[in-house]
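S.K.: Fold the following for me, if possible:
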Amino acid sequence: MREKAPKRLVDLGCGTGVLGLVAARLLPEAEILLVDADARAVECARRNAVRLGVEGRCRVLWWDAREKPPETGFDFALVNPPFHHRGPEVDLAPALALFQSLAVWLKRNGRALLVANRTLPYEAPLARQGEVVQVADVRGYKLLSLNRSARSSGARGRKAPGPRSGGSSRSPIRSR
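M.R.: Okay, the predicted model is just below:
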């Protein structure tokens with residue numbers, strides 16, 4: 001069975017807009033919102049939307065994952081989460097904040113695709129939001145799919161059992 005194309009899509013941590021703008025080109029009927037906490041990235045994504053001629057369907061906003069999402073009810077989310085190094089440790093707090101926000105951004109039965117460095121421990125925190133499946137593993141990166149069903153623990157506001165991340169990992173591999 002073929003999956004229905006999303007009508008509303010959000011690109012969380014959009015950076016220059018690569019993921020969201022490609023989605024805009026591939027999904028001509030979709031409304032796309034790109035958000036990032038870096039003002040320079042927001043401006044760059046905005047310019048790229050104009051350059052590609054999709055600015056009529058793509059909005060770009062500044063948004064920090066520690067704040068309440070400005071909109072809700074999206075069918076689909078694209079996520080390339082940031083993480084930061086603090087000496088030899090990796091600070092996963094920005095990524096974990098994005099994952100928690102998915103419960104607000106996505107409507108029930110919404111879906112997210114997340115690209116990440118293969119070594120980053122994102123599966124357990126994402127599982128609190130719904131069903132997580134790894135769909136690809138290529139050249140050191142993994143692609144994770146999150147399905148937020150109406151029955152998922154995240155959809156009802158309860159936490160799924162399992163290990164909790166303290167927000168850091170020893171992996172020295174960088175992203176973005």
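S.K.: What's the local residue count around Arg128?
M.R.: Per other CB atoms under 10 Å, the neighbour tally for Arg128 reads 21. Where C-beta positions appear, they are placed from N, C-alpha and C, glycine not excepted.
S.K.: Any stretches of the chain with poor pLDDT?
M.R.: Low-confidence regions of the chain, defined here as pLDDT under 70, cover residues 1-2, 84-87, 150-176.
S.K.: Run the chain-centre distance for the helix or strand containing Leu113.
M.R.: Leu113 belongs to strand 106-117 when assigned by DSSP states H and E. Averaging C-alpha coordinates over strand 106-117 and over its chain gives two centres that are 6 Å apart (CA atoms, centre = their mean, to the nearest Å).
S.K.: do stretch 102-116 as well
M.R.: Mean C-alpha position of stretch 102-116 versus that of the full chain (CA atoms, centre = their mean) differs by 7 Å.
S.K.: ok, now which ones touch the residue positioned nearest the centre of the chain?
M.R.: With distances taken as CA atoms, centre = their mean, Val79 lies nearest the centre of the chain, 2.2 Å away. Contact analysis of Val79 by CB atoms under 8 Å, 6 or more residues apart in numbering lists 11-13, 98-99, 102, 112-115.
S.K.: and what of Pro70?
M.R.: Contacts were defined as CB under 8 Å, 6+ apart; by that measure Pro70 touches 35, 61, 63.
S.K.: so the first one sits in a strand?
M.R.: If I follow you right, that is Val35. Yes: Val35: assigned to a strand according to DSSP: H, G, I helix; E, B strand; the rest coil.
S.K.: So what does the nearest residue to it once chain neighbours are set aside look like in phi/psi?
M.R.: Nearest residue to Val35, sequence neighbours excluded (CB to CB, 6 or more residues apart in numbering): Trp63, at 3.9 Å. For Trp63, the backbone dihedrals (degrees, to the nearest 10) come out as phi -150, psi 130.
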